[in-house]
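*Asks:* Quick check, what structure comes out for this input:
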Amino acid sequence: MTKLSADAQTEYRLDETCGCAVDYRLANDQPLEWIGQGLRDVGIEPGSLLLTDDDRDDARALVAGCDPGTGEQLVDRKQVLDPRGKLAARTFVDAMRAAAEAAGTTPAGLLDHGTAPKTRLKRYAQLERGLVREGDAHKVPVKELGVLARAAGLDLDVVYGADRVATAMQWASAKVTIGNMGFDVTLECPKTLSVVAGTAPTALGKALRDTYMEAARESVAYLEDTCGYAMAGHHGDGQRAERRDTSGLLGWAMLHQAARPVPDAPAADAPVDGDRADEDGAVDEDQQPRHSPGDPHLHVHLTLVNMAHADDGKWRTIAAGGRDLHRHARVADAYNEARMRALTARRFGMRWERRVPGGAWEVVGVPEEMRVGFSRRSTAIAASIATKGLGPGAGKSVGSATRRAKLSVTEDETRAVWRERGTALAGRDVDLVVAEAAPGWDGPHPTGPGTPPGGPPRLPSPTDVAARIWDPETGLTSHRKVVTRVDVLAAVLEECGEGVENIAQAQALTDQVLDLTEWVVPLPGGGQRHMSDAARYTTVDIVEAEKTVTAHAIAGMRGRRFAAVPVDVAAAAVEVCETTQQWRFSPEQLAVLDRFLTAGNAIESLVGVAGAGKTSLMTAARTGWEARDLIVAGASTASVAAENLFRESAIPARSSKPTAPAPKSCPSATPSSSARSASAACSPRSTGSPTA
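*Replies:* Numbers count the residues shown, from 1 in each chain. The predicted model follows:
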């Protein structure tokens, strides 16, 4: 989900390409469609299309918090000074320091005179703090700089240049809308379904797209039911905000069939277009390869405005500031795909399979060569990330940096390209692949596409679902201790291979899964009880692991010793580290090491400010523990902290992930700071497994 916080983001989503192909789209992509029952309160019919410039103006008005018919401001949007009316703080601070040095005083001395000097001094101090916090990116309104400059005897035209100051003054009073104006929720579908829809004969392709939009509308209804509420009042000061019903959501939907254009002849290790950019980010058009239409990629963008008409008559923001919408976005996507599985099985005879345990459900009959071959864009981005040595989260930034050639093609031309490639990838006529994938299609029927409705989808048993979603290694609690009901609902939907008949069916199966006490442990309500499906749960294995940790801690407090290092070994470890680092530990630090290594406590905590020597102490402790043939391992809630622990103390570390309960002879030592923390634990090498 993407939060819309600037006007440019709205324009981006009113352009029917919406970044999916930028300068390219299928000529017959479906127009934007109004969604949400709340639209009726502003005179717009849900399900109607945005066809004209006036329709787009109505959408802009809604995002701005206005009634498109009357222009009345329904919800106030936050506005700030236009960035073009600001200048770099660094330049001004450098000029102030130079002027103060020339005058034999300080920057504060240049301002401490005349009327209201305290106000100027306070503002200049804020400016300097902002520079420390944001660096060269920190900017200050030109009017405020003018006040400080006059008091200090500086000329802004000299400091910045007359042209830059004049440009900033033109925008000095302008404001731009920021904050939470709306949300973009994207509903995806498996690649194999996109391939069938993209390579099928025209009538079947349209029928599949219509079915996909039908499922998407059901997901919108789900979001409206769970997230279409508003809040009145506020939390805090002994008060709790009150949840209010509304008339529904307001927004629009965009259906797209294709991904971004890709090079005609990509290689697995070929760079994407962004790699050809110069230092300024510009791409030499002569160096770009020829591009063909993007691969089939059926998906829907839901743009939802952050306001709704509450039952008290007031217009208010939705879903607890959008936080609840973020929680339910995964369910909306999972529900959309589950409905597609059910509808396509009934109407087109499609069957679904998982080709990788826990992976996406794919259409039976579509060869893997077609699925991979029609994923050229993601393959190219993955190759670029690997070549550049970037992390797994860099895909979005690499994709955004890619520049596309301008294409103008019709749907028929694009479909011809897809069908030709599909035949080449499958090694047989693409129509044979489509016929195998959709064996129940024999043309439109009076009641809709495909064969007459069959029976409802068969659901997996609650026990089978529980065994998969609560698996200690791959399930919901493999990376976290606590989940909410909305997390479980999404996971349950993803386990329904034949899909579901409606959201109520999925809700009922979720209740059955949560009733299995051999797997699930309900928890007391948290601080988000006003949100939908906020009930909290954990699993039996997590509770047992916490009992083990607690038992170790209590045993350590009652005198049981864990992996204590003999005094002479501890002293030798300290000596080795002092020799290596060429400085001696302080008495306070030596006391810490003595306790860590010789006391044998189950859990220790080391807390200190940055630069206090925590990492050096952990290096010495690791040396002592390893001298006794103990395994030392580290963990942190932050990947950066885990990397720092390993780099600076040589303790192997990773971001924290629940593992099997620790051996009962395993002590731990925990260094931490105010910013982030990392933990180190040691266990006997004979156990064969380090603990985190």
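*Asks:* contacting residues around Gly525?
*Replies:* Going by CB atoms under 8 Å, 6 or more residues apart in numbering, Gly525 touches 534-536. C-beta: built from backbone N, CA, C; applies to glycine.
*Asks:* Nearest residue to Thr10 in space, please, no chain neighbours.
*Replies:* Taking CB to CB, 6 or more residues apart in numbering, and ignoring the residues beside it in sequence, Thr10 has Val63 as its nearest neighbour in space, at 4.7 Å.
*Asks:* Show the pLDDT at that neighbour.
*Replies:* Each residue has a pLDDT score; the one for Val63 is 93.
*Asks:* Same question for Ala662.
*Replies:* 37.
*Asks:* ditto for the one 4 residues further on
*Replies:* At Cys666 the predicted local confidence, pLDDT, stands at 36.
*Asks:* Repeat that for Ala551.
*Replies:* 86.
*Asks:* Make 29 the starting number, not 1.
*Replies:* Let's use 29 as the start, then, which means that last one is Ala579.
*Asks:* State the helix or strand in which it lies.
*Replies:* helix 568-585 (DSSP states H and E).
*Asks:* buried set for that helix?
*Replies:* 568-570, 573, 576, 580, 584 (16 or more other CB atoms under 10 Å).
*Asks:* mind saving the C-alpha coords of it as PDB?
*Replies:* Presented in PDB, the C-alpha positions along helix 568-585 are these (Å, rounded to 0.1, in the frame of the first residue of the first chain):
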ATOM      1  CA  VAL A 568       1.900 -22.800  21.800                       C
ATOM      2  CA  ASP A 569       5.600 -23.200  20.700                       C
ATOM      3  CA  ILE A 570       6.200 -19.500  21.300                       C
ATOM      4  CA  VAL A 571       4.800 -19.800  24.800                       C
ATOM      5  CA  GLU A 572       6.900 -22.800  25.500                       C
ATOM      6  CA  ALA A 573      10.000 -21.100  24.300                       C
ATOM      7  CA  GLU A 574       9.300 -18.100  26.500                       C
ATOM      8  CA  LYS A 575       8.800 -20.400  29.500                       C
ATOM      9  CA  THR A 576      12.200 -21.900  28.700                       C
ATOM     10  CA  VAL A 577      13.900 -18.500  28.600                       C
ATOM     11  CA  THR A 578      12.100 -17.400  31.900                       C
ATOM     12  CA  ALA A 579      13.200 -20.700  33.600                       C
ATOM     13  CA  HIS A 580      16.800 -20.100  32.600                       C
ATOM     14  CA  ALA A 581      16.700 -16.500  34.000                       C
ATOM     15  CA  ILE A 582      15.100 -17.600  37.300                       C
ATOM     16  CA  ALA A 583      17.600 -20.500  37.600                       C
ATOM     17  CA  GLY A 584      20.500 -18.000  37.000                       C
ATOM     18  CA  MET A 585      19.200 -15.700  39.700                       C
END
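*Asks:* Can you spell out which helices and strands pack onto it?
*Replies:* Contacts defined by 3 or more CB pairs under 8 Å, 6 or more residues apart in numbering; DSSP states H and E place helix 568-585 against strand 548-550, strand 631-635.
*Asks:* what angle separates that helix from strand 631-635?
*Replies:* Counting by axes from the mean of the first three to the mean of the last three CA atoms, to 10 degrees, helix 568-585 lies at 80 degrees to strand 631-635.
*Asks:* Check which element follows helix 568-585 along the chain.
*Replies:* That would be, after helix 568-585 and using DSSP H and E, helix 595-609.
*Asks:* avg pLDDT for the helix or strand just after that following helix?
*Replies:* Heading C-terminal from helix 595-609, the first helix or strand you meet, by DSSP H and E, is helix 615-626. Helix 615-626 carries an average pLDDT of 91.
*Asks:* ok, and for helix 615-626, which residues are buried?
*Replies:* For helix 615-626, a neighbour-count test (16+ other CB under 10 Å) marks 617-618, 620-621, 624-626 as buried.
*Asks:* With respect to Gly503, which of the residues you listed is nearest?
*Replies:* Phe624 (35.2 Å; CB to CB).
*Asks:* coming back round to it: now the buried residues of helix 568-585 in JSON lines, with distance to Thr505?
*Replies:* Listed next are the buried residues of helix 568-585 as JSON lines, based on distance: CB to CB, whole Å:
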{"residue": "Val568", "distance to Thr505": "10"}
{"residue": "Asp569", "distance to Thr505": "8"}
{"residue": "Ile570", "distance to Thr505": "6"}
{"residue": "Ala573", "distance to Thr505": "10"}
{"residue": "Thr576", "distance to Thr505": "16"}
{"residue": "His580", "distance to Thr505": "21"}
{"residue": "Gly584", "distance to Thr505": "26"}
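*Asks:* Let me know the closest of those to Ala336.
*Replies:* Checking the buried residues of helix 568-585 one by one against Ala336 (CB to CB), the nearest turns out to be Ile570, at 37.2 Å.
*Asks:* Thr505 is in contact with the closest one, correct?
*Replies:* Yes. Between Ile570 and Thr505 a contact is recorded at 5.5 Å, counting by CB atoms under 8 Å.
*Asks:* In contact with Leu371, which residues?
*Replies:* Leu371 sits next to 239, 242-243, 527 when contact means CB under 8 Å, 6+ apart.
*Asks:* Please work out the average pLDDT along the helix or strand containing it.
*Replies:* Taking DSSP H and E as the criterion, Leu371 maps to helix 351-376. Regarding helix 351-376, the rounded mean pLDDT is 96.
*Asks:* downstream neighbour of that helix in the secondary structure list?
*Replies:* Going down the chain from helix 351-376, the next helix or strand is strand 380-382, by DSSP H and E.
*Asks:* List the buried residues in that following strand.
*Replies:* Trp380.
*Asks:* The following helix or strand past it packs against which elements?
*Replies:* Per DSSP H and E, the first helix or strand lying C-terminal to strand 380-382 is strand 389-391. Here strand 389-391 touches helix 219-227, helix 351-376, strand 380-382, going by 3+ CB pairs under 8 Å, 6+ apart.
*Asks:* the longest strand in this protein is where?
*Replies:* Ranked by residue count under DSSP state E, the longest strand found in the chain is strand 324-333.
*Asks:* just checking, what packs against the helix or strand following it?
*Replies:* Sequence order places strand 336-337 as the next helix or strand after strand 324-333, per DSSP H and E. If contacts are counted by 3+ CB pairs under 8 Å, 6+ apart, strand 336-337 sits against strand 343-344.
*Asks:* Please work out the average pLDDT along the strand it packs on.
*Replies:* 96.
*Asks:* what's the answer for stretch 463-477, then?
*Replies:* Stretch 463-477 comes out with an average pLDDT of 70.
*Asks:* What is the neighbour count of the residue nearest to Thr38?
*Replies:* Val91 has 25 neighbouring residues, counting by other CB atoms under 10 Å.
*Asks:* wait, it sits on Ala36?
*Replies:* No. Between Val91 and Ala36 there is no contact, the gap being 11.4 Å when judged by CB under 8 Å.
*Asks:* Might you list the low-confidence residue ranges for the protein?
*Replies:* For the chain, the stretches flagged by pLDDT under 70 are 44-57, 263-266, 290-320, 405-437, 471-483, 555, 665-668, 682-720.
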